[in-house]
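Student: let's see this in three dimensions:
(2 chains)
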Amino acid sequence: MNTNSNTYTIVYTTILVVLVAAVLAVAATALKGRQTDNMNLEKMKTIMLSTGFGLDEQGAVDKTADFKNLYESHIGNTLVVNCKGETVEADAFSLNLKAEYANLKAGAEASLPVYECTMEDGRNVHILALYGAGLWGAIWGYIALEDDWQTVVGAIFDHASETPGLGAKIAEPAFYTQFAGKVMEKDGAFSPVAVIKGGATDRAKDVDAISGATITSRAVSDMLSVWLAAYLPYIEAQKAMAAVAEEPAETAEESVITEENAMEE
Amino acid sequence: MNKEIYTKPFFKGNPITVLVLGICSSLAVTVQLKGALVMALSVTIVTAFSSLFISLLRNTIPNRVRIIVQLVVVAMFVILIDQVLKAFAYDTSKMLSVYIGLIITNCIIMGRIEAFALGSKPWPSFVDGACNGLGYGMILIVMAIVRELLGSGTLLGFQIIPQALYDAGYMNNGLMILPPMALILLGCVVWVHRSVDKDLQEK
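Tutor: Numbering: from 1, shown residues only, chains lettered A, B, ... in the order given. This next block holds a predicted model:
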């Protein structure tokens, strides 16, 4: 047979490509379940790590921890909020953060997940999602806040392809353990944790950047400021609600006075 | 079957140090031993099976589109490996990220198919592919051991350099984990190889 004729070439390549496509389709379908499970488990793991669950004393990831179980037993309520601080109907866990990040960047409306976690001592902790662009690829993470919505319980970061030994260090304890205990407040206003090159001066709020990884460090800082700014209306609303709940009497008095003033005018 | 098929890829015809193929991935994935091992294994499987496959098809492949046919077969194996790693070794697949996909562009695979599998019987082609993959993996592992040990003080993630040494003022060599140092190290490996095997030296 003439293997160099046009007909033969076209028929041959067509059959080959269809066969290969079939093999790949079967493999992709067969493995999809396991891959999705892995991805979900990874997500649960990152969420739990931000609160300090599954971290050992040095802040390193405890490989033996059962993150699925931790997630299911400690994460209570999950909700989705928009940039105006309103709660919207959606599933927090299945949100595509990459798409939401694109929305944020474009200045469009975005959906932001909030996970409510109950700690061992009964404290309520709020976990917020982060997603951004590093030097080579995506970076993402979660930041957990105390009930006052400004003290950081912990944060965790991960990346797709930052430089090993440099930018990749954002996923190492030396970097992410710095976030615990930071208070995101400056001159009485909410101000996200910043990653400062050359060492943080305001140690109550900021953390140190990684030497040799200026762009990745800056990317983490930008990511925090973009997402926390988007969460801010919701955070402010929650803070206001907490203030009302704490001091109902005083607020009531004040409102009465205001009403009287208004009547006089 | 010629015995040289087994030995050549490791020494006289090593893909990295002699043929200078597959350099990019040898610089990129040798920061940690674990990554290098998985990469070595993946490349070996892909070269072995794509050589076998192409060798089985060698008399039917239309000559004008043979490179495309080879690419399709190689790509199939690479995607399969990528999918399997994602399903069964998620952490490793995350660590190697794009480099698994980039096995397609590894010159060793296409090189062995073009140079050997297209003109040889299936079994020798399979052995040739596997040995070339292992010869590539051997260099990767040597480099990864040096880089992980000196750069992070660990091997496969376990601390090897004792804490006492750090307390005495020893520091990990940060340059070791950067790609430029990988190139210098690869140069050293080639140098050692050529000093041992005098036949490789140009007159």
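Student: CA atoms for contacts and neighbours, from now on please.
Tutor: Will do.
Student: give me the low-pLDDT residue ranges for chain A?
Tutor: Scanning chain A for pLDDT under 70 picks out A:247-265.
Student: for chain B, what is the nearest residue in it?
Tutor: Using C-alpha to the nearest C-alpha, residue A:35 is the residue of chain A that sits closest to chain B, at 4.6 Å.
Student: ok, that residue touching residue B:86?
Tutor: Yes. Residue A:35 is within contact range of residue B:86, at 5.9 Å (criterion: C-alpha atoms under 8 Å).
Student: burial of the residue of chain A closest to chain B, as a residue count?
Tutor: 20 (other C-alpha atoms under 10 Å in any protein chain shown).
Student: and what of residue B:59?
Tutor: By other C-alpha under 10 Å, the residues close to residue B:59 number 12.
Student: what of residue B:21?
Tutor: 18.
Student: double-check that it belongs to a strand.
Tutor: No. Secondary structure of residue B:21 (DSSP: H, G, I helix; E, B strand; the rest coil): coil, not part of a strand.
Student: can you pull the phi/psi pair for it?
Tutor: Here is the backbone geometry of residue B:21 (degrees, to the nearest 10): phi -110, psi 150.
Student: which residues are in contact with it?
Tutor: Shown in contact with residue B:21 (C-alpha atoms under 8 Å, 6 or more residues apart in numbering or on different chains): B:15, B:106-108.
Student: end-to-end on stretch A:199-215?
Tutor: Counting by C-alpha to C-alpha, to the nearest Å, you get 15 Å between the two ends of stretch A:199-215.
Student: repeat for stretch A:202-210
Tutor: 17 Å.
Student: centre of the chain to it, how far?
Tutor: Centre-to-centre, stretch A:202-210 and its host chain are 19 Å apart (C-alpha atoms, centre = their mean, to the nearest Å).
Student: out of the contacts of residue B:21, which are inside helices?
Tutor: B:107-108 (DSSP state H).
Student: and the contacts of residue B:21, which is closest to residue B:34?
Tutor: The closest of those to residue B:34 turns out to be residue B:106 (C-alpha to C-alpha; 19.4 Å).
Student: for residue B:32, see how far away the closest one is.
Tutor: 20 Å.
Student: between the two, which is the more surrounded one?
Tutor: Higher neighbour count among residue B:106 and residue B:32: residue B:32, with 26 against 18, using other C-alpha under 10 Å.
Student: correct me, but that one touches residue B:144?
Tutor: Yes. Taking contacts as C-alpha under 8 Å, residue B:32 lies within contact range of residue B:144: 5.6 Å.
Student: what distance separates the helix ranked longest in chain A from the centre of its chain?
Tutor: Scanning chain A for the longest helix, with DSSP H as the assignment, gives helix A:6-50. Relative to the chain's own centre, helix A:6-50 is displaced by 27 Å; criterion: C-alpha atoms, centre = their mean.
Student: so what does it touch, helix or strand wise?
Tutor: In terms of contacts (3 or more C-alpha pairs under 8 Å, 6 or more residues apart in numbering or on different chains; DSSP states H and E), helix A:6-50 is packed against helix A:67-74, strand A:138-145, strand A:152-159, helix B:66-88.
Student: need the ones you listed in a markdown table (columns: distance to residue A:57 and mean neighbour count).
Tutor: Formatted as a markdown table, the helices and strands packed on helix A:6-50 follow (distance: least, C-alpha to C-alpha, whole Å; neighbours: other C-alpha atoms under 10 Å in any protein chain shown):
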| stretch | distance to residue A:57 | mean neighbour count |
| --- | --- | --- |
| helix A:67-74 | 17 | 15 |
| strand A:138-145 | 18 | 24 |
| strand A:152-159 | 14 | 24 |
| helix B:66-88 | 29 | 19 |
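Student: mind putting those in CSV, distance to residue A:117 included?
Tutor: Output for those, formatted as CSV (distance: least, C-alpha to C-alpha, whole Å):
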stretch, distance to residue A:117
helix A:67-74, 5
strand A:138-145, 9
strand A:152-159, 11
helix B:66-88, 29
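Student: can you tell me how far residue A:228 is from residue A:234?
Tutor: Residue A:228 sits 10 Å away from residue A:234, going by C-alpha to C-alpha.
Student: what's the answer for residue B:106, then?
Tutor: For residue B:106 relative to residue A:234 (C-alpha to C-alpha), the value is 50 Å.
Student: show me the helices in chain B, by range?
Tutor: Remark: helices assigned in chain B by DSSP H are B:4-7, B:23-28, B:33-57, B:66-88, B:90-96, B:98-101, B:107-115, B:122-152, B:163-167, B:179-196.
Student: for the ones you listed, which one sits closest to chain A?
Tutor: helix B:66-88 (4.6 Å).
Student: a markdown table for the helices of chain B, including mean pLDDT?
Tutor: Conversion of the helices of chain B to a markdown table gives the following (pLDDT from 0 to 100):
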| stretch | mean pLDDT |
| --- | --- |
| helix B:4-7 | 81 |
| helix B:23-28 | 84 |
| helix B:33-57 | 93 |
| helix B:66-88 | 92 |
| helix B:90-96 | 83 |
| helix B:98-101 | 84 |
| helix B:107-115 | 90 |
| helix B:122-152 | 92 |
| helix B:163-167 | 87 |
| helix B:179-196 | 90 |
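Student: for residue A:241, which of the ones you listed is the nearest?
Tutor: The minimum distance between residue A:241 and these falls on helix B:90-96, with 41.5 Å, by C-alpha to C-alpha.
Student: which parts of that closest one are buried?
Tutor: B:90, B:93, B:95-96 (16 or more other C-alpha atoms under 10 Å in any protein chain shown).
Student: same question, stretch B:180-194
Tutor: In stretch B:180-194, counting by 16+ other C-alpha under 10 Å, buried: B:182-183, B:185-186, B:189-190, B:193-194.
Student: stretch A:81-90 now?
Tutor: A:81-83, A:85, A:87.
Student: hmm, which two among those are most spread apart?
Tutor: Using C-alpha to C-alpha, the buried residues of stretch A:81-90 reach their maximum pairwise distance at A:83 and A:87, which is 9.6 Å.
Student: neighbours of the nearest residue to residue B:113 once chain neighbours are set aside, how many?
Tutor: The shortest distance from residue B:113 to any residue other than its chain neighbours is 5.5 Å, reached at residue B:51 (C-alpha to C-alpha, 6 or more residues apart in numbering or on different chains). Burial of residue B:51, expressed as a neighbour count using other C-alpha under 10 Å, amounts to 35.
Student: okay but residue B:51 is in contact with residue B:117, surely?
Tutor: Yes. Counting by C-alpha under 8 Å, residue B:51 touches residue B:117, with 5.3 Å between them.
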